[in-house]
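Asks: Kindly return the folded structure for what I paste below:
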Amino acid sequence: MTYVVTDNCIKCKYMDCIEVCPVDCFYEGENMLVIHPDECIDCGVCEPECPADAIKPDTEPGLDKWLQINTEYADKWPNITAKKEPPADAKSFDGEAGKFEKYFSPEPGEGD
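Replies: Next up is the predicted model:
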């Protein structure tokens, strides 16, 4: 098992999860974060820290797509180990449906 970041992170990109991760397995895209599944130790401390409820265990049904996305982009995006401020309009996107199709960007973030 590993944890994955799902679509509700897109355009919210809260970074509370980064501060609690003991193994620094988060990677930063332009408008979301992902977890590297080979680095995640399945401790689960990040899940309750996410204000957008975007982190889930990959054992939940229907998360195969998100495991694939997290795996792919963790290899492409830079590692991030320090919390930054979320986008100013993050709350307006929290809970919006269809965020992957509307807003996902494959572009990397800045990382550390």
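Asks: In this protein, where's the longest helix?
Replies: Using DSSP state H, we find that the single longest helix of the chain is helix 64-74.
Asks: Any buried residues in that one, and which?
Replies: 66-67, 69-71, 73-74 (16 or more other C-beta atoms under 10 Å). Every residue, glycine included, has its C-beta placed from N, CA and C.
Asks: Also stretch 77-88?
Replies: 77, 80, 86.
Asks: Residue 109 is in contact with the first one, correct?
Replies: Just to be clear, that refers to residue 77. Yes: in this structure, residue 77 is within contact of residue 109 by C-beta atoms under 8 Å, at 6.3 Å.
Asks: just checking, what packs against the longest helix of the chain?
Replies: strand 3-5, strand 33-35 (3 or more C-beta pairs under 8 Å, 6 or more residues apart in numbering; DSSP states H and E).
Asks: And those strands: which comes nearest residue 59?
Replies: Closest approach to residue 59 among these (C-beta to C-beta): strand 3-5, 9.8 Å.
Asks: What residues of the closest one count as buried?
Replies: 3-5.
Asks: Can you tell me which of these is closest to residue 16?
Replies: For the buried residues of strand 3-5, the nearest to residue 16 is residue 5 (12.4 Å; C-beta to C-beta).
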